[in-house]
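Visitor: Please work out how this folds:
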Amino acid sequence: MSGMLGVVSYGLGTLIGFGLLAFLVIVFIQDITQKKHTVLRNYPVIGHLRYFLEKQGEYFRQYFFMNDREELPFNRATRGWVYRLAKAEGGLIGFGSTNNTNEPGSILFVNHPYPVLEEDRLPTPPLAIGEDFCREPFLGRSVVNISGMSFGAISEPAVRALSRGAALAGCWMDTGEGGLSSFHLEGGCDVIMQIGTANYGVRAADGSFSRERAREVAAFPQVKAFEIKLSQGAKPGKGGVLPAAKVTEQIAGIRGIPPLQDSISPNRHRDVANVDQLLDKIALVRDLTGKPVGVKTAIGGWQFMNELCDAIHRRGLEYAPDFLAIDGGEGGSGAAPQALMDHMALPIAEALPRVIDSLIESGLRGRIRVIAAGRLVTSAKAAWALCVGADFVNTARGFMFSLGCIQALRCHQNTCPTGVTTHNPRLQRGLVVEEKYLRVANYATGMNKEIDMIAHSCGCRHARDLKREHVRIVQTAGHSAALNILYPYPEPNTKRKAA
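Guide: Residues are numbered from 1 along each chain as shown. The predicted model follows:
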């Protein structure tokens with residue numbers, strides 16, 4: 001019996017060996033005869049190792065070879081900071097910071113010799129948006145809020161968890177350009193409805209803006225404001241891109257487009273080709289809905305803000321946007337061409353001061369609220385934005401991290417391993433809404449708490465007292481400059497720059 005088993009095993013082993021040899025011969029012939037890959041043509045079979053190692057290299061670099069402060073777009077130290085906030089584990093570390101405070105651009109807050117005592121601290125007050133100019137003004141309760149991420153770009157459980165978490169934390173949730181779904185409304189949070197260039201969610205049959213649909217959306221009590229998106233930091237000058245694999249029947253129905261086809265928005269609104277048409281659109285949507293109406297845009301220079309402020313003065317304050325959501329060129333939770341992602345629009349560090357200065361110079365700062373976005377995922381970056389002059393901070397990727405995102409960089413491939421940006425039911429199963437919504441709320445609450453902590457250390461009774469003199473920016477190793485020196489507050493009604 002044992003001899004027979006030995007013969008069978010030997011025969012099976014021989015068969016496997018011949019099968020493997022035949023497979024290698026086939027691969028060898030395919031490699032040397034194909035004309036697409038030079039490496040495989042010159043090094044058949046073994047050349048496949050090059051592609052395997054190239055693919056695996058990104059994961060090895062992330063987890064083994066890069067230090068905590070090296071990786072982009074977000075390094076391990078930053079992601080760890082967000083994860084700890086989301087898990088309510090606090091932001092404590094030991095044995096000193098790994099942040100290189102000699103690196104140009106580093107943020108250093110100016111500690112007060114006599115910081116604010118616990119009993120003297122005040123809660124950071126909410127701010128009204130659209131007060132005196134809207135039938136239904138909106139009260140923004142949280143400094144930190146959820147930036148625009150379309151249902152389609154992110155998954156159903158992600159939207160549901162964000163909605164429930166935002167309601168618990170008291171922050172708002174921006175729909176992104178993909179339109180309003182039942183999942184945005186599910187948690188009962190405040191919602192800002194974004195009107196993108198394709199008018200998803202407020203779209204007529206021919207793709208134009210539908211007044212009737214806008215009124216229908218505004219009727220939901222959770223919808224507190226509308227946001228006209230001119231551009232976003234990931235891809236200024238190009239519309240939204242949702243690959244066909246992510247355009248499910250459900251998402252296509254919400255957007256009003258065919259399923260399983262690439263969803264590519266126009267690169268601008270067809271009815272907005274200049275600043276006067278923009279102001280007309282703002283006034284139209286505000287009149288139709290009674291809600292505050294703002295504009296989301298990336299900034300390339302001074303021209304847009306100069307023209308906008310001049311037009312508002314020419315036509316009247318009732319035409320002004322109720323808020324400006326300024327996205328830095330480093331923003332980007334969605335898919336985008338690398339040429340635009342890497343090189344288009346100013347980063348938020350330069351764009352935000354320009355916008356605030358333009359509003360101060362034109363005397364419009366009190367009329368228009370400013371929301372800052374663009375890689376502002378930590379409390380330090382958010383506090384910096386308040387120092388510059390922002391009223392609120394939006395973040396998309398910070399909240400994606402709170403949902404469990406591991407920065408796999410597969411957002412556009414429908415293969416997200418954490419279920420955040422995929423519509424694969426098997427992968428979505430890992431994102432448990434009942435668990436993740438608490439982390440969303442923890443992150444928002446923790447961010448607001450740490451921003452207040454920074455403000456108190458600077459001698460401010462609450463975060464809205466932060467000013468440019470409370471922060472310094474490292475210029476060269478061993479030398480920093482106060483932000484109010486780098487960007488001095490302008491005088492109102494002064495001549496604005498043109499470049």
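Visitor: use CA for all of it now, contacts and neighbours both
Guide: Fine.
Visitor: Could you list the low-pLDDT ranges of the stretch 101-250 of the chain?
Guide: Within the stretch 101-250 of the chain, the stretches with pLDDT under 70 are 233-239.
Visitor: need the helices for it, in chain order.
Guide: Ranges of helices in the stretch 101-250 of the chain, per DSSP state H, counting those that start in this stretch, are 156-169, 182-186, 211-218, 249-255.
Visitor: Which strands or helices does the longest one pack on?
Guide: Taking 3 or more CA pairs under 8 Å, 6 or more residues apart in numbering; DSSP states H and E as contact, the helices and strands that helix 156-169 lies on are strand 172-174, helix 182-186, helix 433-457.
Visitor: please redo it, this time with the cut-off set to 6 Å
Guide: If contacts are counted by 3 or more CA pairs under 6 Å, 6 or more residues apart in numbering; DSSP states H and E, helix 156-169 sits against helix 433-457.
Visitor: Which helix or strand lies directly C-terminal to the helix it packs on?
Guide: strand 471-476 (DSSP states H and E).
Visitor: Show me what counts as buried in that following strand.
Guide: Residues of strand 471-476 classed as buried: 471-474 (neighbour count, 16 or more other CA atoms under 10 Å).
Visitor: can you tell me how far the residue nearest the centre of the chain sits from Val144?
Guide: Closest residue to the average C-alpha location of the chain: Ala396 at 3.1 Å, with CA atoms, centre = their mean. Distance from Ala396 to Val144, counting by CA to CA, to the nearest Å: 11 Å.
Visitor: what's the answer for Ala283, then?
Guide: 27 Å.
Visitor: same question, Phe401
Guide: According to CA to CA, Phe401 and Val144 sit 15 Å apart.
Visitor: Who has more neighbours out of the two?
Guide: Just comparing Phe401 and Val144: by other CA atoms under 10 Å the higher neighbour count belongs to Val144, 29 against 22.
Visitor: returning to that earlier point: what would the helices of the stretch 101-250 of the chain look like in JSON lines with mean neighbour count and distance to Thr197?
Guide: Below are the helices of the stretch 101-250 of the chain laid out as JSON lines (neighbours: other CA atoms under 10 Å; distance: least, CA to CA, whole Å):
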{"stretch": "helix 156-169", "mean neighbour count": "26", "distance to Thr197": "21"}
{"stretch": "helix 182-186", "mean neighbour count": "19", "distance to Thr197": "20"}
{"stretch": "helix 211-218", "mean neighbour count": "16", "distance to Thr197": "14"}
{"stretch": "helix 249-255", "mean neighbour count": "18", "distance to Thr197": "12"}
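Visitor: Switch these over to JSON lines; also include distance to Arg410.
Guide: Formatted as JSON lines, the helices of the stretch 101-250 of the chain follow (distance: least, CA to CA, whole Å):
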{"stretch": "helix 156-169", "distance to Arg410": "16"}
{"stretch": "helix 182-186", "distance to Arg410": "23"}
{"stretch": "helix 211-218", "distance to Arg410": "32"}
{"stretch": "helix 249-255", "distance to Arg410": "19"}
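Visitor: do you know which of the ones you listed lies nearest Pro347?
Guide: helix 156-169 (26.2 Å; CA to CA).
Visitor: quick one, that closest one and helix 433-457 angle?
Guide: If you take axes from the mean of the first three to the mean of the last three CA atoms, to 10 degrees, helix 156-169 sits at 40 degrees to helix 433-457.
Visitor: what distance separates helix 156-169 from the middle of the whole chain?
Guide: Centroid separation for helix 156-169 versus its chain: 16 Å, with CA atoms, centre = their mean, to the nearest Å.
Visitor: any idea of the mean pLDDT in the helix or strand containing Ala22?
Guide: Element membership for Ala22, per DSSP H and E: helix 2-33. Averaging pLDDT along helix 2-33 yields 78.
Visitor: buried stuff in whatever helix or strand comes next after it?
Guide: Using DSSP H and E, the next helix or strand after helix 2-33 towards the C-terminus is helix 38-42. Residues of helix 38-42 classed as buried: 39-41 (neighbour count, 16+ other CA under 10 Å).
Visitor: right, and out of the buried residues of strand 471-476, which lies closest to Ala349?
Guide: The closest of the buried residues of strand 471-476 to Ala349 turns out to be Ile473 (CA to CA; 10.4 Å).
Visitor: Tally up the residues packed near the nearest residue to Met149 once chain neighbours are set aside, please.
Guide: Distances taken as CA to CA, 6 or more residues apart in numbering put Gly176 closest to Met149, at 4.5 Å, once the chain neighbours are dropped. Gly176 is flanked by 24 other residues according to other CA under 10 Å.
Visitor: residues in contact with Gly176?
Guide: Taking CA atoms under 6 Å, 6 or more residues apart in numbering, we find Gly176 in contact with 148-150, 194.
Visitor: Which of those fall in strands?
Guide: In this view, these that belong to strands under DSSP state E are Gln194.
Visitor: A helix includes Thr297, no?
Guide: No: read with DSSP: H, G, I helix; E, B strand; the rest coil, Thr297 is strand and lies in no helix.
Visitor: Report how many residues lie close to the residue nearest to it when sequence neighbours are not counted.
Guide: With CA to CA, 6+ apart as the criterion, Thr297 has its nearest non-adjacent residue at 4.6 Å, and that residue is Ser231. When neighbours are counted by other CA under 10 Å, Ser231 registers 25.
Visitor: buried stuff in the helix holding Ala22?
Guide: For helix 2-33, the neighbour count (16+ other CA under 10 Å) marks 27-28, 31-32 as buried.
Visitor: if we take these, which one ends up nearest to Phe133?
Guide: Checking the buried residues of helix 2-33 against Phe133 by CA to CA gives Asp31 as the nearest, at 68.7 Å.
Visitor: for that closest one, what are its contacts?
Guide: 40-41, 44.
Visitor: Domain-wise, how is the chain divided?
Guide: 2-65, 119-486 (automatic domain parsing).
Visitor: Of these, which is nearest Phe74?
Guide: domain 119-486 (8.0 Å).
Visitor: Please tell me how far that closest one is from the chain's geometric centre.
Guide: Between the centre of domain 119-486 and the centre of its chain there are 7 Å (CA atoms, centre = their mean).
Visitor: End to end on that domain, go ahead and measure it.
Guide: 34 Å.
Visitor: Perfect, I'm done here.
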